[in-house]
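Novice: Here's a sequence, model it:
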Amino acid sequence: MATASTIAHVKKKPLPAGLPREWYESHNRRLKAMRLAISLLDSGTYDAKRATNRKIRTMAVRTGIHRPSNVTCRLVRAFIREA
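Specialist: This next block holds a predicted model:
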């Protein structure tokens, strides 16, 4: 009999202070792109060519993530290519 396992949440640490604003923006962009890439892979989109901006943005709405920019969409496709 299979039992459902729970996923332990990772305790978040605060981001380091004193870095340039661009670092924080790119860090948050990478996190957002990674969450979207994982959602797309889980839904069966394994090919970066099939991950259009429209599909990525639709997945963002479904998962409750703010609408990604074109740059973030390109980053999502790059993550899917590397997966």
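Novice: Please list the outside residues in contact with stretch 34-43.
Specialist: 51, 55-56, 59-60, 62-63, 65, 68, 72, 76, 79-80, 83 (C-beta atoms under 8 Å, 6 or more residues apart in numbering). Backbone N, C-alpha and C define where each C-beta goes, glycine included.
Novice: So for it, mean pLDDT?
Specialist: Here stretch 34-43 scores 95 as its mean pLDDT.
Novice: contacting residues for the residue lying closest to R57 once chain neighbours are set aside?
Specialist: Of all residues not flanking R57 in the chain, R67 sits nearest, at 5.7 Å (C-beta to C-beta, 6 or more residues apart in numbering). Residues near R67 by C-beta under 8 Å, 6+ apart: R57, A60, V61.
Novice: of those, buried ones?
Specialist: Buried members of these, counted by 16 or more other C-beta atoms under 10 Å: R57, A60.
Novice: quick one: which of the contacts of R67 sit in helices?
Specialist: Counted as lying in helices by DSSP state H, out of the contacts of R67, are R57, A60, V61.
Novice: Format those residues as TSV; extra columns: pLDDT and distance to P16.
Specialist: Shown next, in TSV, are the ones in helices among the contacts of R67 (pLDDT from 0 to 100; distance: C-beta to C-beta, whole Å):
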residue	pLDDT	distance to P16
R57	97	31
A60	96	27
V61	95	32
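Novice: what residue ranges in this structure are flagged as low confidence?
Specialist: In the predicted model, the chain carries pLDDT under 70 at residues 1-8.
Novice: Give the buried residues for the strand or helix carrying R29.
Specialist: In this assignment (DSSP states H and E), R29 forms part of helix 21-43. By 16+ other C-beta under 10 Å, the buried positions in helix 21-43 come out as K32, A33, R35, L36, A37, S39, L40.
Novice: Check stretch 46-63 too.
Specialist: A48, A51, K55, I56, R57, M59, A60.
Novice: so the second one makes contact with T45?
Specialist: I take that to be A51. Yes: when contacts are counted by C-beta atoms under 8 Å, A51 is listed as touching T45 (5.3 Å).
Novice: which neighbours do the two share?
Specialist: Here A51 and T45 have I80 as joint contacts, going by C-beta under 8 Å, 6+ apart.
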